[in-house]
Structures are given as C-alpha cells and as structure tokens.
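[1] sequence isn't available, so here's the structure alone:
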C-alpha cells in the first residue's frame, strides 16, 4: 500500500502497445490501493536516434544543446503514458524536470542531482493517482537543462524514492539480477538479493545494469530497490544493504575493449603519479585496475577503455611533456573479468579458488578489493576463464 | 542592422541538411552585423507524427498531455539548429518556453500569449549572436506547458518582435503572399504589400497562411512582417498597416467542405438567435456567412465546416430542445469563395463587377464586410467562379 516509485526502461516503453500494457499494469496496482510515481525513459532507440541526427550535423556537439535535444525523448514517453492512463480512467499527470524542479549540477551530459522538490508531487497525489516523471533529466539553478548520463533514469527514480522515503521498483525486459549475463550464459542464476556494495563493485553484474549513481543514492538513504520484469510475473531481485546466507561470490562480470597502459621507469616521485591521475580525472576519463610498483623507478600500470585511448594520450601529454623519454606502452584487445561478493569478506580461500580456476590462462594483471577480484587477459581467453570461474564458484 | 526576429516553418527545417543550410544563412546575416532571434517549428511532419502516435493509444487525448507531447518537436529543432550554428563558430543558445517564460492562458491546444520576458534574451544577446526559440509553445503561471494552436510559431515570432520592438521575418517554402494559391493557379501574382486587415480577413490568402493571432498582434503593435522564401533570394511580401496604390481587390481565397445550415420559421425572438450563437461559441465551433432574415418568422442561415456538423448538432440541440418542430436543414458539399481588399473601401463598383463575374453561377449565399465579399456555391462551380473572378479583378 502507499506510495511507490517505479521506473520503466526504454525497451519497456518502446511502442504504444507496450505503453498501453504498462498503463493497464499501473491501473491494477492503483486499484490495489497504491499511488504511483512512475519514472520513464525515452522510447526504445529514441536517444540513440537523436544522437545520430545531431551527428549528421557535426561530431562536435555542444554538450549544453545535446541535453536540450535528448531530454525531449522522456517527455514524449511521459505524455503518452499519461494519455494512456487517463484514457482508462486513472487520474494521471506528467511532469518534466522544470515542473518538478529536479536541481542538478551544471555538468551537461553527466549532471548529478542536488535537490528535488517532492512537495509538488505530494500535493498532486491528493488529486492524482499516478504522477509520470521524465527520467534522466534535471535543471540547473540558472534554468539550464541537464541530463544525468546514460542510464540516468534509474538515478531519477532512486532519488525520488529517497526524497519521499518510499520503495523503488525498477522494471526492464530482464526479471532481476543474475550471477552473470544470462544472454551469454543461459545457466546463470538469478539472485534473490544483492548488496549495494556488490552492485557498486559490479555495475554490469549480469544483464541488469543499474546506473551506478542510483545505487550510491540507494545505499546512502537505505532505499530498497526491486528489479523486476515489466511484462512477466516472474520474481525479480532486491538490492539491499545486507542479506543473510551470502555466498562467498555473488556474481561475475566482464568488460571487453580494455587497453592496458604501462608507464615504466618513472622517477621515484609520487607527485608525478598524483599529477597523472589528476589530469586523467580532469579529462573525465576512467581508469581501473591501477597497479603501482616501485623498483629501481616507479612502474605504473592501469586499464582504460579502448575508445578513450586518444583522449587519454592527450591527458597524459599535458603531464609528461617534460619527460619526453618516458616509456609508455599500450596493449589493446584485453578483457576484464571480475568476481564480486560481500561474502568474500568473511570467506577464506576465495583467492586460492580464483587462481585455481585461472591456472591455465596467461593473466596480465590482477587487482583486488575487499569484495572483488578482477583480472585482465587477452580477449581470446575470456570464455575459457568465465566458464572456469562460473564452475568453480557455482554461479 | 540590429536585432531581427526570424521564424522558420516546419518544411524549412525538415532535415539536418536544411538545418545546416539555415545555419549558413544565419551566419551570413550575423556577419553583416545583425543579431538574430530565431523561432523554429517542429521538423517536417513531426507534429503530425506525434499526434498519430498518441492516437494509436486513444482518440480521447487529454489536451494537457497533448501539449506536453507536442512541444518536444520544437525543442528538437531548436537544439539541432543551435548545434549547427555553434559548429560553424556562431555563438548560439536555444531556449524553450520555460527558459524564456513565455506566459500564456491555460487554454491547452489553443493558448494565447499573455506576457514574455525579453530581458533574458536581451541579456543573452550580450554574449550570443543567435538565440534559438522554440515556437508554438508557452507555459502558464502554474508551470503547465501549453501550445498556441497549429501555425502558432508565427505568433511566437511576432509576439517576440512586438516585445522587443524589432522587425519580424517569416520564412517558408513559398516566397511571399499571392493573390491566390499559386499551387492551383500558376498565374497568381505575388503581392508586394498586404495590409493587416486584408490578412485577417483572408487568413488563407494565397498559399501563405499566417496564424491569424500573429497578424492581430502585428496590427496591435504595428510590427512589419516580411514573408520570404527560406532557400531562395526571390523577393517576398510585406504585411503592413497600410500601403499606397491599393488595388480594389488584393486577393482571392477558397474554403471547401462548407455546410450551410438553415433554420426556418423561428419565432420572432432575437433572444433565441443570441442563444444559438452563444451555445455554438461555447462548444468552440466557428460559424461564418451569417444571414438573418425576418419574414413571417425568423430565417437564420450560416455556414459551418462539414467536419464539425456532429458537434454542431449537439450544440444546437441544447438550445432548441423546447422547439421540437423546428425546420433545420443542412446542405453540404459547398465551397466558399472570398475576395478581399482594403481598396474596396474607396472603390466603387466592386460589387457590380463581382456579380457580373458570377452571373452564370447559382450562388447560394452572399455576405459582405467592408473589405471582403464572400459567396457560397456548390463545389462543382468552384473553378468556374474562381477563373472568372481572377480574370475580372486581374488577380
């Protein structure tokens, strides 16, 4: 009973037939006594198509105008869903980021929610049973339109849940969170519970990707997220703070198109290491699997996404222009395989099992955290490694 | 030099190639020393397609949500044009109705502009050379999104011109305003000047239709409108208060699908006539060519649009339910042909020439105003009547 925030992803609202089906589903829930705040994504491939249209004009798209362009997608879905609900007698109203005053930072294309006014929704719920909210978007204090980055509708939904202190249900084509991607490994197991920290460590856990900022917010405000299937009654998964009966390893994830960067024989000066990563962060680039070994000099190694190599070289050249003789090597065509589990904290022997599984595979780099072990290997060994890890950890 | 408001219609911005061409055109104008406020419509058939999508859900579309849906169209165009301008080095920014605070009444689908804040544009013009504004839309004081009705982008443009007290240029695929529709009559003449009153009397004058509210605003604030061709240098037409060398008849227009309604032998009570037209207005229906003749009783005759016949009968039944024996006749399949000209006021013999032109045609109804004569006839006589009028008035 009470108020619930729900979110429907792009493929769930891809056409008007699906939108009508969702309206029926919401109607049943409302008849059971709930009131719904429904966050929607853009229909199907709308966002991709808008980007494609903009790229017909130029590859050099002003970030501010890109957000102006992309936010139209969710507004279309919100209006159509509200039209469908009103048509079947549910009092419904759609709201965009301006109307809801979802305040964000002014980082166009990757803004962060600072504040949102739920009083308006709470007032409207006295008159309406369903409030449809455009996901993915916000406004700055100056009234500029921003977006939260791909997958940002998850974050809109969880932020609304947190502000209203109600449960959050995230619906997509996949019923829940799996130990690994069920589209690739049909035997992947569905998880009943996943901890926030596990989701954060493995944002691409299984086929269900939650926008990582949404999990951060859920963790901070202790919002229980239910991830379910839009059009089936199959039981989904819960993302929670903690849960009983944790297996030592919960899930496995893979990221392809990794490039390993190795900088050898840096002068023994950690300021330089700091400068490197600061410049990388300033350029908005992500690095992972950082490993720094001090020998005669410093050897720094880490991974980046292959597509970002060009930008990365630019970021690095700013810092290293006074060290022209430095040896920087790039190795592409790697995959990163990670296993994650909050149970690792209390289980012994996970690392031993892990290396046993990979004993026949030439691993390039291994990094670990308290609840995660990742390794980097050539893509051709990926399947062999995954099968072996799935078997040994019963995923 | 100085600031100019321009408006580009839907077919002028139908694809990214056209949007890039418009950006080049604006760039040249800016290099000549102008600053531009550019109002854009939705691309090509976008608005029609959005309505079609909504109708896949239901024919019964909530007006409030329809506006939420449709306003996305102009925002897409505005963002794309601003992307194109920035790409070629023009400092440009797009603004929607929220950002510009275009305040309207809350008549969804047919709102009227009440106020708009040009201070924001004027401030932005210190930093930017082109401000792209989403046409057709506004917001209410409560932050609801509204639209101004089909063709409303003309009104957005003229209202901006009026508020900033600068000239207005409206571009489309047709270079200017013609004596009659050049797509049907290739010999139609382009008019150098048209008076506001002429445009108001004949909103479908030639092929160039200006949203009639835009002409009302232009007349009220004495804003000169230039109607020109987007992609050719062909000279267009000006819409102005008054002009020299007025021909007695400026233009000819045709409206098909007219239905004549005749109510015979009403009791001699003008309250009843008032009630009829009040009920019709309340139902949002338009009537034209009203003729009331008092004989033994009252005979009331007027025209409506064929499509509105059903709604019209409903409006009428409310009023006439106490007069069940009344004789109401409907005749459909008529066309209305009008000639317009502010020169009529000072020319004699226009009516004589008019009836001479139509002497062989069975005309059903004739009404006149100070600057317009309209007749109703069966559609099969339309072409004969038009040819004859075009010839006699040299249109």
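    Yes, it's here. Keep in mind that what you see is a predicted model, and the values were worked out from it rather than measured.
[2] can you pull up the bridge partners for residue A:298?
    Counting by DSSP bridges, residue A:298 is bridged to residue A:266, residue A:294.
[3] which parts of the stretch 1-150 of chain A are helices?
    Secondary structure of the stretch 1-150 of chain A (DSSP state H, counting those that start in this stretch): helices at A:16-31, A:46-57, A:63-70, A:72-87, A:97-100, A:118-124.
[4] can you give me the mean pLDDT across the first one?
    Helix A:16-31 comes out with an average pLDDT of 97.
[5] up against chain B, what does chain A have?
    Residues of chain A lying near chain B by CB under 8 Å from any CB of the partner chain: A:16-17, A:19-20, A:50, A:53-54, A:56-58, A:60-62, A:64-66, A:68-69, A:71-73, A:75-76, A:78-80, A:82-84, A:86-87, A:93-94, A:96, A:98-99, A:143-145. Just so you know, the C-beta spots here come from the backbone N, C-alpha and C atoms, and that holds for glycine as well.
[6] rerun that using 6 Å as the cut-off
    A:16, A:20, A:54, A:56-58, A:60-62, A:65, A:68-69, A:72, A:75-76, A:79, A:82-84, A:86-87, A:94, A:98-99, A:143 (CB under 6 Å from any CB of the partner chain).
[7] among the residues you listed, the buried ones, what's the ChimeraX command?
    Per 16 or more other CB atoms under 10 Å in any protein chain shown, the buried members of the residues of chain A next to chain B correspond to this ChimeraX selection:
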select /A:16,20,54,57,58,61,62,65,68,69,72,75,76,79,82,83,84,86,87,94,98,99
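[8] can you tell me the helix or strand for residue A:277?
    If you go by DSSP states H and E, residue A:277 is part of helix A:270-282.
[9] show residues contacting that helix.
    A:266, A:287, A:315, A:318-319 (CB atoms under 6 Å, 6 or more residues apart in numbering or on different chains).
[10] now that helix: buried residues?
    Buried residues in helix A:270-282, counted by 16+ other CB under 10 Å: A:272-273, A:276-277, A:279-280.
[11] look up how far chain B lies from the most far-flung residue of chain A relative to its centre.
    Here chain A reaches farthest from its C-alpha mean at residue A:296, the gap being 39.9 Å by CA atoms, centre = their mean. Between residue A:296 and chain B the computed distance is 50 Å (CB to the nearest CB, to the nearest Å).
[12] pLDDT score assigned to the nearest residue to that residue once chain neighbours are set aside?
    In space, and not counting its chain neighbours, residue A:296 is closest to residue A:265: 7.1 Å by CB to CB, 6 or more residues apart in numbering or on different chains. We note a pLDDT of 80 for residue A:265 in this prediction.
[13] okay, now residue A:265: neighbour count?
    Residue A:265 has 13 neighbouring residues, counting by other CB atoms under 10 Å in any protein chain shown.
[14] check residue A:194 too.
    30.
[15] would you enumerate the residues in contact with it?
    Contact analysis of residue A:194 by CB under 6 Å, 6+ apart lists A:177, A:239.
[16] would you say it is within a helix?
    No - going by DSSP: H, G, I helix; E, B strand; the rest coil, the assignment for residue A:194 is strand, not a helix.
[17] of all residues in the stretch 151-300 of chain A, which one is closest to chain B?
    Ranked by CB to the nearest CB, the top residue of the stretch 151-300 of chain A for proximity to chain B is residue A:153, at 16.4 Å.
[18] which helix or which strand is home to that residue?
    Secondary structure assignment for residue A:153, by DSSP H and E: helix A:152-164.
[19] now that helix against helix A:72-87, angle please.
    Inter-element angle recorded for helix A:152-164 and helix A:72-87: 60 degrees (by axes from the mean of the first three to the mean of the last three CA atoms, to 10 degrees).
[20] give me the sheet partners of the helix or strand that helix A:152-164 is followed by and which way each runs.
    Counting by DSSP H and E, the next helix or strand C-terminal to helix A:152-164 is strand A:168-172. When pairs are called by DSSP bridges, strand A:168-172 turns out to pair with strand A:2-8 (parallel), strand A:225-229 (parallel).
[21] now what about strand A:168-172, what contacts it?
    Contact partners of strand A:168-172, identified using CB under 6 Å, 6+ apart, comprise A:5-9, A:12, A:157-158, A:161, A:223, A:225-228, A:230.
[22] circling back to that earlier point, in a markdown table, list the helices of the stretch 1-150 of chain A along with distance to residue B:381.
    As requested, the helices of the stretch 1-150 of chain A are exported to a markdown table (distance: least, CB to CB, whole Å):
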| stretch | distance to residue B:381 |
| --- | --- |
| helix A:16-31 | 44 |
| helix A:46-57 | 48 |
| helix A:63-70 | 51 |
| helix A:72-87 | 43 |
| helix A:97-100 | 53 |
| helix A:118-124 | 56 |
